[in-house]
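Chemist: sequence and predicted structure are below.
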Amino acid sequence: MKTSLLMLLMLGVLSSCTKSQSSLTEPQTNSSQIMQVSNKKKVSAFIKAINARDSGTVAELVHPDYVQHNPFLPTGRAAFVGLFPILQENNTQALTKRIFQNGNWVVMHNKWEGASPFGAETMVSFDVLRLDENGLIAEHWDAMMPFAEPNPSGRTLIDGSTEITDLDKTAEHKAKVVKLFDTLINGSQEEAGQAVAENFHPDYLQHNPMTADGIAGFSAAVPTEQWVFTKQHKVIGEGNFVLSISEGTHKGVHAVFYDLLRFEDGKIAEHWDVIQPIPTENLANENTMFNF
């Protein structure tokens, strides 16, 4: 993602911005109501507040010491609200296509329009938010990449199934994803191939922009895409949806991998991903893209 220069420009704008938090939109949601809703609904309200530049609702939902893991953004709630003027200037809007929760963790699959401050006019992200014991949004991780043309099977990074089912199988599906990635990381090439064959439907739906549907499409893309996983950091799931966050290399470049997997009849039936290079320069915080 070509963001370092753009984010430096953003930070420069923020440092010279004279708008105070109180000059932005007033709260639109009663705080007592917010604290009584589910974590998923709180995060939905948070995204709505970002789109509206509603700093009052952000103040009600977000901890003052909000920890930021996006490497190009400064940490803290005040620093986050400080982004609003440039988001307003670019008419930046987030559309949440998928959202699910696992305890105090909430995952969003977002499409961002007016997203040039983040690297391209249209971006796709996975955003992970952790809520603390008081129900406040306390920490944020993400990975972003530019929206791409449909892949060889005509699928995009964001379309496809959204319905959450099989809530009683969350633990089972998460365990399968942990075992799958352990084999991809630590197993032989033959063991990795067997794990893919055992865990994926042969004709599973693929949303990676360079890859066609099915195990055959995946196998054909491996030599050119060169996905190498070295460590799985976090697995979050609800029912038939499981997100794996891993570290490795993509075409030889150190990268973070967010892989969203949808299960059907015990096997993976659909896959989305966002892959982002891990920067080492011009960082706005030292929290790393991991540290879950």
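Modeler: Right, received. Where do you want to start? None of these values were measured; they are calculated from a predicted model. Residues are numbered from 1 along each chain as shown.

Chemist: partner residues bridging the residue most central in space within the chain?
Modeler: Centroid-nearest residue in the chain, with C-alpha atoms, centre = their mean: residue 126, separated by 1.4 Å. Beta bridges link residue 126 to residue 109, residue 143, judged by DSSP bridges.

Chemist: contacts only, for it.
Modeler: Going by C-beta atoms under 8 Å, 6 or more residues apart in numbering, residue 126 touches 107-110, 142-143, 243, 258, 260, 274. Just so you know, the C-beta spots here come from the backbone N, C-alpha and C atoms, and that holds for glycine as well.

Chemist: nearest to residue 41 among those residues?
Modeler: Checking the contacts of residue 126 against residue 41 with C-beta to C-beta, the nearest one is residue 108 at 12.4 Å.

Chemist: measure how buried that closest one is and give me the count.
Modeler: Residues lying near residue 108 (other C-beta atoms under 10 Å) number 21.

Chemist: next: the one 5 residues further on.
Modeler: A count of neighbours around residue 113, defined by other C-beta under 10 Å, yields 15.

Chemist: which of the three states applies to residue 161?
Modeler: coil (DSSP: H, G, I helix; E, B strand; the rest coil).

Chemist: report the contact partners of it.
Modeler: 205, 262, 270.

Chemist: repeat the analysis, applying 10 Å as the threshold.
Modeler: 98, 205, 240-241, 262, 264, 269-270, 272 (C-beta atoms under 10 Å, 6 or more residues apart in numbering).

Chemist: please apply the same query to residue 129.
Modeler: Each residue near residue 129 by C-beta under 10 Å, 6+ apart is listed here: 39, 42-43, 46-47, 61-62, 66, 101, 104-108, 137-142.

Chemist: give me the phi and psi for the spatially closest residue to it that is not a sequence neighbour.
Modeler: Distances taken as C-beta to C-beta, 6 or more residues apart in numbering place residue 106 nearest to residue 129, at 4.8 Å, with adjacent residues excluded. Dihedral pair for residue 106: phi -130, psi 130, per degrees, to the nearest 10.

Chemist: number the residues from 48 up from this point.
Modeler: Let's use 48 as the start, then, which means that last one is residue 153.

Chemist: measure residue 153 to residue 160 for me?
Modeler: Distance, residue 153 to residue 160, using C-beta to C-beta, to the nearest Å: 22 Å.

Chemist: of the contacts of residue 173, which is the nearest to residue 139?
Modeler: The closest of the contacts of residue 173, once distances to residue 139 are taken by C-beta to C-beta, is residue 157, at 11.2 Å.

Chemist: distance of that closest one from residue 164?
Modeler: Using C-beta to C-beta, residue 157 is found at 15 Å from residue 164.
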